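Engineer: Quick check, what structure comes out for this input:
(2 chains)
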Amino acid sequence: SQTIHQWPATLVQPVGSPLSLECTVEGTSNPNLYWYRQAAGRGLQLLFYSVGIGQISSEVPQNLSASRPQDRQFILSSKKLLLSDSGFYLCAWSKGSNQPQHFGDGTRLSIL
Amino acid sequence: QQQVKQSPQSLIVQKGGIPIINCAYENTAFDYFPWYQQFPGKGPALLIAIRPDVSEKKEGRFTISFNKSAKQFSLHIMDSQPGDSATYFCAARDGGSNYKLTFGKGTLLTVNP
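Structural biologist: Prediction:
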């Protein structure tokens, strides 16, 4: 069966510091991968998606970037965090673009 | 622009009641409508989904009703239990750019014992 892992579960970072959140999927190959941000009362907002290694599409211009160095690894990064980057970050995967998306348990990011 | 409108924002029912959560959309290119259940501190989990060629789908105590002409769909939870207390999100997928899910803002459901 397929599983998705995100770490860390929680993170507290100062403004201006860098960020690296990691997501890995097991039990499948060549998945579509997604990064979402969830803000209270606002649903889930798609940030990035990837259909293959090195292929990244951005949905929302922002202070964040994403990379996919390996088939089942997806990384969310920032060079300098802003207060507005606080939130709950979720990684998801699907077998293909027309298949259901399955989410990890997220990273709670707090910027001080 | 909010493409999927979800209501109510919160809902409280007694055990055994039938909570109903509603969603409406405008984009006729949407071709797949999933519902997700999220517990505190966890990621959303796919609960049930429907395509617009059917009007109803049941899985256990969960039922989706779909009205294509009205562009509305709803989630019904039969014989609700305290363990169903969670946030529920509806979503819609654009068949034109079929990777993208657009989510409603969520409904916080509380089922009292």
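
Engineer: if I pick B:I12, what's in contact with it?
Structural biologist: Applying CB atoms under 8 Å, 6 or more residues apart in numbering or on different chains, one finds that B:I12 lies in contact with B:L109, B:T110, B:V111, B:N112. Where C-beta positions appear, they are placed from N, C-alpha and C, glycine not excepted.

Engineer: Likewise for B:F89?
Structural biologist: By CB under 8 Å, 6+ apart, the neighbours of B:F89 are A:G43, A:L44, B:Q6, B:W35, B:Y36, B:Q38, B:P44, B:F103, B:G104, B:K105, B:G106, B:T107.

Engineer: Mind checking which of those land in strands?
Structural biologist: Secondary structure assignment by DSSP state E places A:L44, B:Q6, B:W35, B:Y36, B:Q38, B:F103, B:T107 of these in strands.

Engineer: Return the member of these nearest to B:I50.
Structural biologist: Proximity of the ones in strands among the contacts of B:F89 to B:I50, judged by CB to CB, is greatest for B:W35, which lies at 8.5 Å.

Engineer: Would you confirm that that closest one contacts B:L75?
Structural biologist: Yes - using CB atoms under 8 Å, B:W35 makes contact with B:L75 at a distance of 5.2 Å.

Engineer: which neighbours do these two share?
Structural biologist: B:L47, B:I48, B:F62, B:I64, B:Y88, B:C90.

Engineer: Would you mind listing what in chain A touches chain B?
Structural biologist: Where proximity means CB under 8 Å from any CB of the partner chain, the interface of chain A facing chain B comprises A:6, A:32, A:34, A:41-46, A:49, A:51, A:59, A:90, A:92, A:94, A:97-98, A:100-106, A:108.

Engineer: Same question for B:G83, what's its three-state structure.
Structural biologist: helix (DSSP: H, G, I helix; E, B strand; the rest coil).

Engineer: and the residue of chain B nearest chain A?
Structural biologist: With CB to the nearest CB as the measure, the residue in chain B that lies nearest chain A is B:G43; the distance is 3.5 Å.

Engineer: any low-confidence regions in chain A?
Structural biologist: Counting by pLDDT under 70, the ranges of chain A that qualify are A:61.

Engineer: Counting by contacts, list what the worst-scoring helix or strand of chain B on mean pLDDT packs against.
Structural biologist: The helix or strand with the lowest mean pLDDT-type score in chain B, counting by mean pLDDT, DSSP states H and E, is strand B:101-103 (a mean of 91). Applying 3 or more CB pairs under 8 Å, 6 or more residues apart in numbering or on different chains; DSSP states H and E, one finds that strand B:101-103 contacts strand A:44-52, strand B:30-38, strand B:86-94.
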